[in-house]
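*Asks:* A structural model of the following input is requested.
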Amino acid sequence: MEIHEEVGDGSDRVRDGAVPGQRLGEAFRARLNELFAAAERRGRHITNREVVLWMNDHGYAIKDAYLSQLRSGRAASPSLKIIEGLSAYFDVDSSTFLSVDRSHVLNDLLDQHGVQAIATRAAGLSQENIDAIARLLDRFRESESLPPVSTDEAGGPLRDE
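*Replies:* Reported below is the predicted structural model:
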């Protein structure tokens, strides 16, 4: 048996048209921006500069421009030290940045005050009532000047759309 048969021939490296590292880079950017947005939802506006100053003060050397590039996706391969620093700043596990699995986003949302209670109350309701609750929540978000929830963030469209 040839070695490439034992470890793979590399053909699985490019999936769905993505180049190697692209999916993880996109997931990293999304997670980083989600952490900034989560702080904003809790009423705390965090700037790139604030994060950079904290990281540099705590031994995680980073420049403003590089953090901006990580957030925009222009840079997508941070060192483990940078990942560790960002994890420490946002008080999350480093694995938050290293997985393409989005379950952590759902867990973060459920941890927010009251969200789990709403989800628990919705369990077992008909799809029609779930959709009605979702539309109500969309109206509440709009009335509080919160951005709309995208179909991707919501896990898909409402069933009657």
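*Asks:* could you point out which element follows the host helix or strand of residue 54?
*Replies:* Assessed by DSSP states H and E, residue 54 sits inside helix 48-57. Downstream of helix 48-57, the first helix or strand assigned by DSSP H and E is helix 64-72.
*Asks:* got any ranges where the chain has weak pLDDT?
*Replies:* 1-21, 100-113, 152-157, 159-161 (pLDDT under 70).
*Asks:* picking that back up, other SSEs contacting the helix holding residue 54?
*Replies:* Applying 3 or more CB pairs under 8 Å, 6 or more residues apart in numbering; DSSP states H and E, one finds that helix 48-57 makes contact with helix 64-72, helix 80-90. Where you see a C-beta, it was placed from the backbone N, CA and C, and this is true even at glycine.
*Asks:* got those as a markdown table, with mean neighbour count and distance to residue 34 columns?
*Replies:* What follows is the helices and strands packed on helix 48-57, written out as a markdown table (neighbours: other CB atoms under 10 Å; distance: least, CB to CB, whole Å):
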| stretch | mean neighbour count | distance to residue 34 |
| --- | --- | --- |
| helix 64-72 | 16 | 11 |
| helix 80-90 | 18 | 10 |
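*Asks:* hmm, who's touching stretch 59-74?
*Replies:* The contact list for stretch 59-74, computed with CB atoms under 8 Å, 6 or more residues apart in numbering, reads 25-26, 28-29, 32-33, 36, 48-49, 51-52, 55-56, 75-76, 78, 81-82, 84-86, 88.
*Asks:* residue boundaries of the helices in the chain?
*Replies:* Taking DSSP state H as the test, the helices found in the chain are 3-7, 22-41, 48-57, 64-72, 80-90, 103-111, 115-122, 127-143, 151-154.
*Asks:* related to what we said a few turns ago, now the helices and strands packed on helix 48-57 as TSV including distance to residue 147?
*Replies:* Listed next are these as TSV, based on distance: least, CB to CB, whole Å:
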stretch	distance to residue 147
helix 64-72	17
helix 80-90	20
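*Asks:* closest one to residue 41 among those helices?
*Replies:* The closest approach between residue 41 and any of these, judged by CB to CB, belongs to helix 80-90 at 13.4 Å.
*Asks:* next, the angle helix 64-72 makes with that closest one.
*Replies:* Comparing the axes of helix 80-90 and helix 64-72 via axes from the mean of the first three to the mean of the last three CA atoms, to 10 degrees yields an angle of 80 degrees.
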